[in-house]
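Undergrad: coordinates for the following, if possible.
(2 chains)
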Number of protein chains: 2
Amino acid sequence: MIKPHGSDQLQPLFVYDVAEHRALTHKAESLPSMLLSSAAAANAVMLGSGYFNPLTGYMNLADALSTAEHMKTTSGLFWPVPVVNLTKDISAIKGHKQIALRDPNVEGNPVLAVMDVAAIEEASEEQMRLMTEKVYRTTDPEHPGVAAFNSAGRYLVSGPIKVLSFSYFQTEFPDTFRTAVEIRNEIAERGWKKVVAFQTRNPMHRAHEELCHMAMERLGADGLVIHMLLGQLKKGDIPAPVRDACIRKMVELYFKPNSAMVTGYGFDMLYAGPREAVLHAVFRQNMGATHFIIGRDHAGVGDYYGPFDAQAIFDDVPKGALLIETFMADNTAWSKKLGRVVMMREAPGHTKEDFITLSGTKVREMLGRGEAPPPEFSRPEVAKILSDYYQSLDKA
Amino acid sequence: MIKPHGSDQLQPLFVYDVAEHRALTHKAESLPSMLLSSAAAANAVMLGSGYFNPLTGYMNLADALSTAEHMKTTSGLFWPVPVVNLTKDISAIKGHKQIALRDPNVEGNPVLAVMDVAAIEEASEEQMRLMTEKVYRTTDPEHPGVAAFNSAGRYLVSGPIKVLSFSYFQTEFPDTFRTAVEIRNEIAERGWKKVVAFQTRNPMHRAHEELCHMAMERLGADGLVIHMLLGQLKKGDIPAPVRDACIRKMVELYFKPNSAMVTGYGFDMLYAGPREAVLHAVFRQNMGATHFIIGRDHAGVGDYYGPFDAQAIFDDVPKGALLIETFMADNTAWSKKLGRVVMMREAPGHTKEDFITLSGTKVREMLGRGEAPPPEFSRPEVAKILSDYYQSLDKA
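TA: Below you'll find the model as predicted:
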């Protein structure tokens, strides 16, 4: 099986020993505590679940600057983005060696992790700007990732952590959330050798389905891990149970037995485009995937990144830094000329009109009226689930 | 796929809609609340995760008596044990229509479920004795299940519930805990048609491994779900991470690809022997298994039940009440005469001395000294994991 990033064995920071877990949970109640930012909480979940192997906690200023500038820590570990715990207010924790990190996203703010504080450092405005510029390729405060990064504060509270829960990701998405440990275990049980990972936040239409088939076929892969980003809904998002039902129906009907698994992970999306694509590759290696599909404008937002920037950045990844390989994809769509789904860049002599493409708005409108999009665009069984959902909205 | 018990679709009582989940969690904080017994909390987890389909909550007195006496509810649903919420103190909830049920097993007693109270009834001592006698076949207060059942109180607080968490089972065993929904999903993904479930609380030695192989082979099954009871440790128990590592190593080395999955569920064992064996079958059907292995003294304790009582009780299950089928097993062991593991009742002309059997105490002693049990008893790779654990105990 493919090795995790940076170590021979996966070293998740979750406390698996039940007695230690209970003792630490109890102890944490009386420790000085800080309320994490949502981004820092998401980092703790990724650290706890093994996805951010081999990191042992939040980075200090030197490592944060080094990863932002050079995609590696001061000790030389390849890592594409700072994994930091930023805050404005350190009054409650200053001078303390061990602190509890509280979860901003769960009622009552329970303890998410316990940290041995190694340093509390203040990043200068110049350093914040540098990190922002390097990671997001913009300092535009309208960029949602930039906004989140720069609103959390300038103090970096760093040090190793022990993780006690997977926040609301595990408790609100109990059937879909998976740790990297679980996915590795299941890949081993299923006997897969070549494993493609596919990132999604949405139900999968036929183009996405065929992209996965295409990747598996060309790579000779025996398994596909559909890996959904779980998190809080944004306006217009499909609720998780509806999305999951769509994807599971697609797998049931259009994938061979033992060729696909439907899973999810918990993270606050950075919208950092290229740098986030590299991070995506790192944590897919940690969960045991050997290949990762990177599409057009992967992890991007608005017009901040060029359509293939998130693919081009892999030219800057030093040889051998990652074991996982990428599958660079273009958009896929049904070609009326060829009568099948093709990768658009591989369709010679095609113009826009030769493809069946529909805007998200158009599809939502059709589904809301109970009309099925054409079968070349949506599998009818998947469209049915979405249509039922949109029609229930109209009635509500 | 095999249907769940009593309904066409699985109807887990967990609140999957994230917005509703958050709203109910918030609302629950201001509801009158009761602290559940550990047994009632375990019932909520089983109801939430779909294992107790199609029950909609805790039984009232009439249903509890009916299931205890006749293995069916007053409406005729086959069910082998009362699923009740017993308490001594109803002062805080009396007269309230909606209450929060708090978790006794998690720090801070967070809300586990919200209940619409249908009835609060007091069972008489005679009724408690009747239920105890029917379910446990004894009223001996030394019996751990009897003791738990009779110490919780005589008030039955009944009604439908909405479940908000899977208690410590999910949070402390994140890589192993599975809902019935998850297991059904995974069976579908793997493409299994005939699925054997195996109940265990312990690491699996070679006898258990070969029993599973035997069941699969004779039934022509394509999948095995190893389904571990998760819960609080009793003195001498192997910690969950060690047990899991043993079982996963066994699967990795001695099971074909895509033929076994390692999972767990959260429940407080009843030690009710025969009746619990029937309950085990019901919830394995709910998770999608078509066959369930029932061994000697299944779910028993001490000398309360005869070695095959938990098999004989299935003669009393009305025809058609369960869709899952049983695989009735005897103990298995290595036969020196035949040079392989056999089911002991199928070894003609054998005496005790013809088998390689070791007591638990003996095995622990050997492992503690760093000695490997004979390979006919333990797979060396599994013995190594256990031996490392016992030796770490000695050093501690």
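Undergrad: tell me which parts of the stretch 1-150 of chain A are close to chain B?
TA: Within the stretch 1-150 of chain A, the positions adjacent to chain B are A:14, A:16-19, A:21-22, A:25-26, A:29, A:49, A:107-108, A:110 by C-beta under 8 Å from any C-beta of the partner chain. Glycine gets a C-beta too; all of them are placed from N, C-alpha and C.
Undergrad: most neighbours out of the residues you listed, which is it?
TA: If you count neighbours using other C-beta atoms under 10 Å in any protein chain shown, the busiest of the residues of the stretch 1-150 of chain A next to chain B is A:Ser49, which has 32 neighbours.
Undergrad: quick one, what contacts that one?
TA: Residues in contact with A:Ser49 (C-beta atoms under 8 Å, 6 or more residues apart in numbering or on different chains) are A:Pro12, A:Phe14, A:Val163, A:Phe166, A:Arg178, A:Thr179, A:Ala180, A:Val181, A:Tyr265, A:Gly266, B:Pro174.
Undergrad: returning to what we had before: just the residues of the stretch 1-150 of chain A next to chain B now: which is nearest A:Asn331?
TA: Of all the residues of the stretch 1-150 of chain A next to chain B, A:Asn331 sits closest to A:Ser49, with 30.8 Å by C-beta to C-beta.
Undergrad: skipping adjacent residues, who's closest to the closest one in space?
TA: Distances taken as C-beta to C-beta, 6 or more residues apart in numbering or on different chains place A:Thr179 nearest to A:Ser49, at 3.8 Å, with adjacent residues excluded.
Undergrad: ok, how many other residues are close to the one you found?
TA: 25.
Undergrad: domains in chain A, by residue range?
TA: As given by automatic domain parsing, the domain ranges for chain A are A:18-170, A:176-395.
Undergrad: may I see those domains organised as a markdown table, with mean pLDDT added?
TA: Shown next, in a markdown table, are those (pLDDT from 0 to 100):
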| stretch | mean pLDDT |
| --- | --- |
| domain A:18-170 | 97 |
| domain A:176-395 | 95 |
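Undergrad: nearest to B:Asp116, of those domains?
TA: domain A:18-170 (21.0 Å).
Undergrad: how long is the closest one from one end to the other?
TA: Separation of the first and last residues of domain A:18-170 by C-alpha to C-alpha, to the nearest Å is 17 Å.
Undergrad: can you pull out the helices in the stretch 1-150 of chain A?
TA: Applying DSSP state H, counting those that start in this stretch to the stretch 1-150 of chain A gives helices spanning A:18-28, A:38-48, A:61-70, A:125-136, A:144-151.
Undergrad: now do the stretch 201-350 of chain A
TA: Counting by DSSP H, counting those that start in this stretch, the helices of the stretch 201-350 of chain A are A:206-219, A:240-254, A:274-286, A:309-312.
Undergrad: so of those helices, which one's packed in deepest?
TA: helix A:274-286 (a mean of 26; mean count of other C-beta atoms under 10 Å in any protein chain shown).
Undergrad: is it in proximity to chain B?
TA: No. Using C-beta under 8 Å from any C-beta, helix A:274-286 never reaches chain B; the gap is at least 14.1 Å.
Undergrad: so how far is that helix off the chain centroid?
TA: A distance of 8 Å separates the centroid of the chain from that of helix A:274-286, by C-alpha atoms, centre = their mean, to the nearest Å.
Undergrad: ok, the residue lying closest to A:Phe355 once chain neighbours are set aside to chain B distance?
TA: Closest residue in space to A:Phe355, ignoring its immediate chain neighbours: A:Ala333 at 4.1 Å, by C-beta to C-beta, 6+ apart. Counting by C-beta to the nearest C-beta, to the nearest Å, the gap between A:Ala333 and chain B amounts to 27 Å.
Undergrad: does A:Ala333 touch A:Thr357 like I think?
TA: Yes. Using C-beta atoms under 8 Å, A:Ala333 is in contact with A:Thr357, at 5.2 Å.
Undergrad: who has more neighbours, the two?
TA: Per other C-beta under 10 Å, whichever of A:Ala333 and A:Thr357 has more neighbours is A:Ala333, with 24 against 13.
Undergrad: beta partners of the more buried one?
TA: A:Val342 (DSSP bridges).
Undergrad: by proximity to chain B, which residue of the stretch 51-200 of chain A wins?
TA: The minimum distance from the stretch 51-200 of chain A to chain B, using C-beta to the nearest C-beta, falls at A:Gly191 (2.1 Å).
Undergrad: OK, contacts around the nearest residue to that residue once chain neighbours are set aside?
TA: The spatial neighbour of A:Gly191 that comes closest, neighbours along the chain excluded (C-beta to C-beta, 6+ apart), is B:Pro257 at 2.1 Å. Contact analysis of B:Pro257 by C-beta under 8 Å, 6+ apart lists A:Glu189, A:Arg190, A:Gly191, A:Trp192.
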